[in-house]
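Build me a model:
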Amino acid sequence: MHAPNDPGSDPVAAFRALLTDEGQALLAELRDHDPGRELAVATRLRRDHPAALVSAAIAQARLRQRAAAKFGPEDAGRMYFTPDGVEQATRASVAAYRARRFAALGVRRLADLCCGTGGDAIALARAGIDVLAVDRSPLTCAVARANAEALGLADRIEVRCADVAEVDTAGFDAVFADPARRGGRGRIFDPEAYSPPLSWAVGAARRAPCAALKVAPGIPHEAVPGDAAAEWISDGGDVKEAVLWFGLPPGEPGVRATLLPGPRTLASAGLPDPPAGPVGRYLYEPDGAVVRAHLVAEVADQVGGRLIDPTIAYVTSDEPRPTPYASAYEITDVLPFNVKRLKALLRERGVGALTVKKRGSAVAPEELRRKVKPSGPNAATVFLTRVAGAPSMLVGRPVR
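Coordinates of the predicted model:
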């Protein structure tokens, strides 16, 4: 049983213990710790330090290692995290891109609502913006405050522990809100089940001169408010989020896909769906942000292409036309779906390195790989998809 003043009974006190000289010394010793030796390390450290502090330091070291993928090893090695904070934080490259957009819009003071452990606030401060970072969790606020201090940004980031609905954003140039999209049962897909609900966040955005709301990339287009511009963002080919922008200057596109690094942005031209036709020599796989933004027609227009099927987001053409918004492949074979035939073809060509992609197919890539048993010195890519409604397999290789 914990004593009333035992830090172990108070998560904020337990975290603040990590900021003491003893806590800092433990974190420094654990900087490059091997998770496989955690038990032995913990046993050794507990001989000289309180067990609760050692446990907190090891947990924090573990979180820092996980966070390196989002924040980079240098920042992650100095920052502090909670388990939810690592899971829900914006990737640093995405946060930096959005911060640059705010700065380019002339934003100098911004209210960051639902700030979490401060990843977006850090990017905004580094872009020269003064930030009020608000969260209702005392522990999360303590972590965000420590992160601002650790990265030398405390003069630009004020952390306030409050319900975001009670914060007066008057006087700020912009609002950024990142409602929680995870609950006790995992991801939340209904925007009105976000915490706070998307409708509340939209209301807060409309009261500000400029605003951005981070939402799940799977948000239905019909759920995007009519006065918002929607942007889907991918990083390294992985779709990370969608952002609803309010108060943008006239002439800004209503829908866009942004690919990082770059950034490269494809704006909607309001094109109709491209026609479908036979598979040509080249196949283009649009980036996931392009697909989510419903901009496949814009890619087809760029490459002079057509769809392989009215319901599939693969574009084909007879001539190579590189575009940054899609990966290009040269197609060598177009086959009806037949595992035995594919296996014989791959064996004949000595294909051992097989990449399997799919759109519009129920077959799992790993299941196909197990059945065809690729072997040999050569490489190929197989697309499991539909062509003119028929289950098909396209064999090819990336265009370098």
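
which residues in this protein form helices?
11-17, 21-29, 38-45, 51-71, 73-76, 83-88, 92-104, 119-126, 138-150, 198-206, 288-292, 296-303, 339-348, 365-372 (DSSP state H).

The ones you listed: which one's closest to R359?
Counting by C-beta to C-beta, R359 lies closest to helix 288-292 out of these; the figure is 9.0 Å. For every residue, glycine as well, the C-beta is placed using N, CA and C.

contacts for the closest one?
Residues from elsewhere that reach helix 288-292, judged by C-beta atoms under 8 Å, 6 or more residues apart in numbering: 217-218, 232-234, 237-239, 242, 257-259, 266, 296, 298-299, 313, 325-326.

Report the backbone C-alpha coordinates of it in CSV.
Output in CSV follows, covering the C-alpha atoms of helix 288-292 (Å, rounded to 0.1, in the frame of the first residue of the first chain):
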residue,chain,number,x,y,z
GLY,A,288,-2.1,6.6,-50.5
ALA,A,289,-2.7,10.3,-49.8
VAL,A,290,-3.7,10.8,-53.4
VAL,A,291,-6.1,7.9,-53.2
ARG,A,292,-7.6,9.2,-49.9
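
Among the helices of the chain, which comes closest to V399?
helix 296-303 (11.3 Å).

for that closest one, what is the average pLDDT?
Rounded to a whole number, the mean pLDDT of helix 296-303 is 98.

In CSV, list the C-alpha atoms belonging to that helix.
Extracted C-alpha coordinates of helix 296-303, given in CSV (Å, rounded to 0.1, in the frame of the first residue of the first chain):
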residue,chain,number,x,y,z
VAL,A,296,-6.5,9.6,-58.9
ALA,A,297,-8.0,11.4,-61.9
GLU,A,298,-5.4,14.1,-61.5
VAL,A,299,-2.6,11.4,-61.7
ALA,A,300,-4.2,9.8,-64.7
ASP,A,301,-4.3,13.2,-66.4
GLN,A,302,-0.6,13.7,-65.7
VAL,A,303,0.5,10.4,-67.2
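
What are the buried residues along that helix?
V296, A297, E298, V299, A300, Q302, V303 (16 or more other C-beta atoms under 10 Å).

Select, out of the helices of the chain, the one closest to D178.
helix 119-126 (6.6 Å).

Determine the set of other helices and strands touching that closest one.
helix 92-104, strand 109-113, strand 130-135, helix 138-150, strand 157-161 (3 or more C-beta pairs under 8 Å, 6 or more residues apart in numbering; DSSP states H and E).

would you list these in CSV and tack on distance to F383?
Converted to CSV, the helices and strands packed on helix 119-126 look like this (distance: least, C-beta to C-beta, whole Å):
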stretch, distance to F383
helix 92-104, 28
strand 109-113, 42
strand 130-135, 44
helix 138-150, 43
strand 157-161, 47
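
Would you point out which residue is most central in this structure?
Nearest to the mean C-alpha position of the chain, counting by C-alpha atoms, centre = their mean, stands K240 at 2.5 Å.

does it really touch V94, like I thought?
Yes: at 5.3 Å, K240 counts as touching V94 under the criterion of C-beta atoms under 8 Å.

Please identify every residue contacting each of those two.
I233.

rewinding a little: so which of the helices and strands packed on helix 119-126 is nearest G226?
Checking the helices and strands packed on helix 119-126 against G226 by C-beta to C-beta gives helix 92-104 as the closest, at 21.1 Å.
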